[in-house]
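Participant: got a predicted structure here, sequence first:
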Amino acid sequence: MEQSADVVREVESQCRERGLRLTPTRRRVLEMVIAADGPVKAYDLLDQLKSEQPKAAPPTIYRALDFLLANHFIHRLESLNAFVSCFHPSHMHQGQFLICERCQTVIEIHEPSLQKGLAAIAERNQFKPSRQVLEIYGTCSSCRRQ
């Protein structure tokens with residue numbers, strides 16, 4: 001839980017430094033993504049938010065998620081169409097994830113050499129990437145022990 005509070009404080013700090021507006025709804029959606037046990041879908045977030053804000057509608061969630069994604073405060077897992085928290089929002093980076101196929105645990109990795117290697121491959125092919133999400137599926141150590 002302490003790590004969650006640290007992430008929220010870091011996002012608040014980043015918003016102040018960058019002149020961004022972390023509205024109460026954006027903050028609440030961030031907290032819900034951080035609190036999720038794993039990847040969380042937009043409509044699950046909407047259901048949670050409706051318990052606090054009965055008039056919340058899909059655009060409310062999607063606008064908050066768009067803001068959080070655009071500023072690298074959360075990540076979108078493309079293959080799962082779900083969201084996970086970024087636990088180091090002050091470092092601009094691309095998403096690299098290890099995803100357990102059994103328990104859905106997601107481990108965010110940060111390997112600059114991997115990012116640079118992929119950028120070099122794109123450049124050699126005269127390709128300009130707009131974003132990058134690397135998702136590696138397999139089995140986590142906990143599930144392998146079972």
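Facilitator: Right, received. Where do you want to start? Predicted model, so just to flag it, every value in this text is computed and none were measured.
Participant: so which bits of stretch 131-141 are buried?
Facilitator: residue 140 (16 or more other Cβ atoms under 10 Å). Any C-beta I mention is one placed from the backbone N, CA and C, and that applies to glycine too.
Participant: with stretch 102-119 instead?
Facilitator: By neighbour count on 16+ other Cβ under 10 Å, the buried set for stretch 102-119 is 105, 106, 115.
Participant: contacts for it?
Facilitator: 38-39, 75, 77, 84, 86-88, 91, 93-100, 129, 132, 134, 139-140, 142-143 (Cβ atoms under 8 Å, 6 or more residues apart in numbering).
Participant: among these, which ones are in helices?
Facilitator: Taking DSSP state H as the definition of helices, the contacts of stretch 102-119 contribute 142, 143.
Participant: show me how to select, in PyMOL, the buried members of the contacts of stretch 102-119.
Facilitator: Applying 16+ other Cβ under 10 Å to the contacts of stretch 102-119, the buried members can be selected in PyMOL as follows:
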select buried, resi 39+75+77+84+86+93+94+95+96+97+98+99+100+140
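Participant: so where is this structure shaky, pLDDT-wise?
Facilitator: For the chain, the stretches flagged by pLDDT under 70 are 1-2, 89-93.
Participant: show me where it has its helices.
Facilitator: Secondary structure of the chain (DSSP H): helices located at 2-18, 24-35, 42-52, 58-70, 112-124, 141-145.
Participant: surely residue 82 and residue 39 touch.
Facilitator: Yes - applying Cβ atoms under 8 Å as the test, residue 82 and residue 39 come out as touching, 3.4 Å apart.
Participant: let me see the domain layout of this structure.
Facilitator: As given by automatic domain parsing, the domain ranges for the chain are 2-85, 95-145.
Participant: what's the closest non-adjacent residue to residue 133?
Facilitator: Nearest residue to residue 133, sequence neighbours excluded (Cβ to Cβ, 6 or more residues apart in numbering): residue 95, at 4.4 Å.
Participant: please tell me how far the one you found sits from residue 16.
Facilitator: Plainly put, residue 95 is 24 Å away from residue 16 if you go by Cβ to Cβ, to the nearest Å.
Participant: still on that earlier bit, out of the helices of the chain, which one sits most buried?
Facilitator: helix 24-35 (a mean of 19; mean count of other Cβ atoms under 10 Å).
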